[in-house]
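Student: just to be clear, the model below is a prediction. Sequence and coordinates:
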Amino acid sequence: MNYKKHYDLLIERSRTRVLTGYVEKHHIVPKCLGGSDDTENIAVLTPEEHFLAHQLLVKIYPNSPPLVNAALMMTTHHTSARANNKLFGWLRRRFSTNRKEWYLNNEHPKGMLGKHHKLENIDKITAGIKQVAIEKRIPIYAYELSGLFYKQYSSISECSKDLGTNASNVKYTADGKFGFCKGKQLKYDYFESISPYIRPKCNTYTRSNNHKENQSSRAKTNTAICKYCGMESIKANITRWHNDKCKHKL
């Protein structure tokens, strides 16, 4: 098939009509091939014709990565104008071939050109991916702080979304690292009820004694004796009128 002939006919037809409604501008000679933004190099096409024009350009210049990329991006447009356009297999294969050829002749962006992962590293990467996939499908059972069963979730992600938190908090709570998450106890197993959650209490007696000892030790280091009246007082107070019986200021 003469793709160049069909492309020229499409462009020629666009010059002899006036379109109304939604239209798209197309570079007759693509910019990657030296085309300009001049009016003579612009064709007004319908969305379907624009997509067809880029398919023909890929057929005409199959070894041009920019043209293949442009045609590929048009198949995944976010508007409804091209919702029915199909992603052709030949376009996908052409895109993949161009990428491989480019990487063979240029520096790989991740520095892996001509290199391969070791088998043990491949196993680690694969194991990590599989573990994440498995954890996302693990069922989670939520309980109230009182111990009553609350709700069952099919995965960690579903639980985190419903409770309004991240997946790490859900996982750590179910693993026992956290006591509760968003007011819920989380388990990997189902029970009709579990033990109520009791917040740990600090040792008030020990804390108060330590606090008093620290205060007394600090007080001793911050005291001094007035050389006029012989009374012991805080250093800061001795520099002032620290006592009614002593009117001397150091």
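Tutor: Noted; the coordinates are in hand.
Student: show me where the chain has helices.
Tutor: 3-15, 47-60, 65-74, 89-105, 119-136, 156-163, 167-175, 204-221, 235-238 (DSSP state H).
Student: these: which one's closest to I28?
Tutor: Shortest separation from I28 across the helices of the chain is recorded for helix 3-15, at 5.5 Å, computed as Cβ to Cβ. For every residue, glycine as well, the C-beta is placed using N, CA and C.
Student: what sits against D162?
Tutor: Contact analysis of D162 by Cβ atoms under 8 Å, 6 or more residues apart in numbering lists K151, Y153.
Student: so what pLDDT did it get?
Tutor: On the pLDDT scale, D162 is placed at 91.
Student: make a markdown table from the helices of the chain and add distance to Y188 to it.
Tutor: Below are the helices of the chain laid out as a markdown table (distance: least, Cβ to Cβ, whole Å):
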| stretch | distance to Y188 |
| --- | --- |
| helix 3-15 | 60 |
| helix 47-60 | 51 |
| helix 65-74 | 44 |
| helix 89-105 | 41 |
| helix 119-136 | 11 |
| helix 156-163 | 10 |
| helix 167-175 | 5 |
| helix 204-221 | 35 |
| helix 235-238 | 59 |
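Student: neighbours around K182, how many?
Tutor: 15 (other Cβ atoms under 10 Å).
Student: thought it was touching G164?
Tutor: Yes: using Cβ atoms under 8 Å, K182 is in contact with G164, at 6.4 Å.
Student: walk me through the domains of the chain.
Tutor: 3-105, 116-200, 204-238 (automatic domain parsing).
Student: weakest of those domains by average pLDDT?
Tutor: domain 204-238 (a mean of 59).
Student: ok, back up a step: please name whichever of the helices of the chain is nearest to G147.
Tutor: helix 167-175 (14.9 Å).
Student: buried residues in that closest one, which are they?
Tutor: For helix 167-175, burial by neighbour count (16 or more other Cβ atoms under 10 Å) applies to A167, N169, V170, K171, T173, A174.
Student: cool, stretch 13-25 as well?
Tutor: Buried residues in stretch 13-25 (16+ other Cβ under 10 Å): S14, V23, E24.
Student: excluding chain neighbours, give the residue nearest to the second one in space.
Tutor: What sits nearest to V23 in space, not counting adjacent residues and going by Cβ to Cβ, 6 or more residues apart in numbering, is V44, at 5.1 Å.
Student: quick check: I138 touching Y188?
Tutor: Yes: in this structure, I138 is within contact of Y188 by Cβ under 8 Å, at 6.5 Å.
Student: pretty sure C32 is touching S64, no?
Tutor: Yes: between C32 and S64 a contact is recorded at 6.6 Å, counting by Cβ under 8 Å.
Student: how many neighbouring residues does the residue lying closest to A71 once chain neighbours are set aside have?
Tutor: Spatial nearest neighbour of A71, chain neighbours left out: H54 (4.2 Å); criterion: Cβ to Cβ, 6+ apart. As a burial measure, H54 scores 21 neighbours (other Cβ under 10 Å).
Student: K130: neighbour count?
Tutor: Neighbours of K130 under the rule other Cβ under 10 Å: 10.
Student: going forward, the N-terminal residue is numbered 254.
Tutor: Okay, using 254 as the starting number, the last item reads as K383.
Student: gap between it and Q308?
Tutor: 39 Å (Cβ to Cβ, to the nearest Å).
Student: and what of V423?
Tutor: Distance of V423 to Q308, given as Cβ to Cβ: 47 Å.
Student: N255 now?
Tutor: Taking Cβ to Cβ as the measure, N255 falls 14 Å from Q308.
Student: same drill for those two, tell me which one is more crowded.
Tutor: Between N255 and Q308, counting by other Cβ under 10 Å, Q308 is the more crowded of the two (20 against 10).
Student: ok, the more buried one to E265 distance?
Tutor: Separation of Q308 from E265 (Cβ to Cβ): 18 Å.
Student: go on, V297?
Tutor: Distance of V297 to E265, computed by Cβ to Cβ: 13 Å.
Student: alright, I will stop here.
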